[in-house]
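J.: Need coordinates for the following:
(chains A, B, C and D)
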Protein chains: 2
Amino acid sequence: MSSDDAAQLWKLNQRLLTVVMNSCADTFDELGLETKEFFVLDEVDTCQYPAALAAKLMIPKASVTMYLRSLVAKGLVRREIDDQDLRRHRLATTDRGREVRQRALDALAAEFAIIMGRLDQRDRDELRRLLHALLDPS
Amino acid sequence: MSSDDAAQLWKLNQRLLTVVMNSCADTFDELGLETKEFFVLDEVDTCQYPAALAAKLMIPKASVTMYLRSLVAKGLVRREIDDQDLRRHRLATTDRGREVRQRALDALAAEFAIIMGRLDQRDRDELRRLLHALLDPS
DNA sequence: TCGTGTTTGTTCAGTATCGAACTAACATGG
DNA sequence: CCATGTTAGTTCGATACTGAACAAACACGA
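T.: The predicted structure follows:
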């Protein structure tokens, strides 16, 4: 594989993600969710703590502080005291937070499906197979 | 494909691209290139004009103005008068611009190739075909 | 118990980004 | 030729982001 070849694939892939994300913008707006906030909300339950979120999402700690402040203000996430380590803020999504997250994920999946609709069934299966081959750490 | 499955695929893909991009950060630094600037530099020759760049990259016109200003200041891109339409700035990479772009693409490809290595040549070609079909609905 | 070194999350200040308004240059219809 | 509408690129003001410094809490060997 030539160098330009790999880079081109990278760019196409990047473009695909951007297109899908842009398509979700309206739904996210209705949910009152900023794009960046969504990524944080989505990982709150699996990461539990701000530091872990920053590491997982590869964004600065200062940014996590901001997104969390907004999510808490919106009532989508709540902070709890961690009795084991008073420095840490244990995080958890609220009921409403879970609902919003699910709606956002559905929107993302729906838009992805629309784009995928440009392919016929055979090609969709093929693309999914290739992406899985790339992404699954198997 | 279930809704969550599609979203999961999307998120994995997003993560993959971020990791690759982060891996390139040092090289880009050495080249004196900001990440966002790179995307602009990379498309200058194919898009020719700022408006086309904004559309292709899906970023605001105002941002394109800024990135171009920086690229021009660094001597990587130059603006020319378009005799056909005096509103437009025809853009072109300089010799140094082409060199820097190639180095950046090489870095990107090198990192991405590690992942792409999971596919054989036939599958990579297939993947590119499918991504093109998705993104260039001709 | 200290002293020293980490880690956690926040704050602050400087930079980056971008929506909206703007100017200049075309295009089209009359 | 003019009126009207559209498009190209820039500027400006307001917001978003983040590196660096910070305070608090932990860890652990001496």
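
J.: Who are the contact partners of the residue nearest in space to the middle of chain A?
T.: Chain A has residue A:39 as the residue nearest its centroid, 3.7 Å off, counting by Cα atoms, centre = their mean. Residue A:39 makes contacts with residue A:57, as judged by Cβ atoms under 8 Å, 6 or more residues apart in numbering or on different chains. Any C-beta I mention is one placed from the backbone N, CA and C, and that applies to glycine too.

J.: Would you mind naming what in chain A lies close to DNA strand C?
T.: Within chain A, the residues that sit near DNA strand C (Cβ under 7 Å from any atom of the strand) are A:49-52, A:61-62, A:64-66, A:68-69, A:79, A:85, A:87-89.

J.: and those residues, which of them are in strands?
T.: A:79, A:89 (DSSP state E).

J.: what about burial for the residues of chain A next to DNA strand C, which qualify?
T.: Buried members of the residues of chain A next to DNA strand C, scored by 16 or more other Cβ atoms under 10 Å in any protein chain shown, are A:49, A:50, A:52, A:64, A:68, A:88, A:89.

J.: Show me which residues of chain A sit near DNA strand D.
T.: Chain A comes close to DNA strand D at residues A:34, A:36, A:59-63, A:65-67, A:84-87, as judged by Cβ under 7 Å from any atom of the strand.

J.: now with 6 Å?
T.: Within chain A, the positions adjacent to DNA strand D are A:36, A:59, A:60, A:62, A:63, A:66, A:85, A:86, A:87 by Cβ under 6 Å from any atom of the strand.

J.: now, which of the residues you listed lie within helices?
T.: The helices, defined by DSSP state H, take in A:36, A:62, A:63, A:66 from the residues of chain A next to DNA strand D.

J.: Tabulate those (CSV), appending distance to residue B:26 and pLDDT.
T.: CSV is the format used below for these (distance: Cβ to Cβ, whole Å; pLDDT from 0 to 100):
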residue, distance to residue B:26, pLDDT
A:36, 24, 96
A:62, 22, 98
A:63, 21, 98
A:66, 27, 98
